[in-house]
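Trainee: Fold the following, please.
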Amino acid sequence: MSETTKPEATKAPSNVIFIGKKSALVYAVAALMQINNSNEVLIRARGRAISKAVDVVEILKGRFLQEALKIKDIKIGTELLPPKQEGLRPRNVSTIEITVAKS
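Mentor: Numbers count the residues shown, from 1 in each chain. Predicted coordinates:
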C-alpha cells in the first residue's frame, strides 16, 4: 500500500480575506478590522462566491467607510482545479481579487 502525502498548506497573509459560505456582512466586518490594522485588505473569492465578494466591498463602501475607502486593484482570472472524482476532466473556476485600502 502506498502512502500519499498532502502538500503543506501555505499560510495566507493576515490582510487576505477568503470569501466562502458565511454572510457578506460577516466578511465585511472582518475586512473592516483588517483595514483598521493594516490600511489595506485583499478580498479573494472564486466560483459562486464572486458575487458575495463584490457585495462585501459594496457594504464596506456604503455602510462603514463611505468616503475613506479606495479600490486599488481588481484582478480576475481562472484557476484549473483537479477533478473531484477520478476519470473526470479538470475544472476551470473563475476567481477575483479585490484590493481595498483607506484613502
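Trainee: drop to CA atoms for contacts and neighbour counts, all remaining ones
Mentor: Noted.
Trainee: wait, is residue 96 part of a strand?
Mentor: Yes. The assignment for residue 96 by DSSP: H, G, I helix; E, B strand; the rest coil puts it in a strand.
Trainee: and it, what are its bridge partners?
Mentor: For residue 96, the residues forming beta bridges with it (DSSP bridges) are residue 45, residue 76.
Trainee: What separation do you get for the residue nearest to residue 82 when sequence neighbours are not counted and residue 83?
Mentor: Among residues not flanking residue 82 along the chain, residue 90 sits closest, at 4.7 Å (CA to CA, 6 or more residues apart in numbering). Separation of residue 90 from residue 83 (CA to CA, to the nearest Å) stands at 5 Å.
Trainee: And for residue 73?
Mentor: Taking CA to CA, one finds residue 73 at 31 Å from residue 83.
Trainee: sorry, back to before: residue contacts, the residue nearest to residue 82?
Mentor: Listed by CA atoms under 8 Å, 6 or more residues apart in numbering, the contact set of residue 90 reads 80, 81, 82, 83.
Trainee: All set, thanks.
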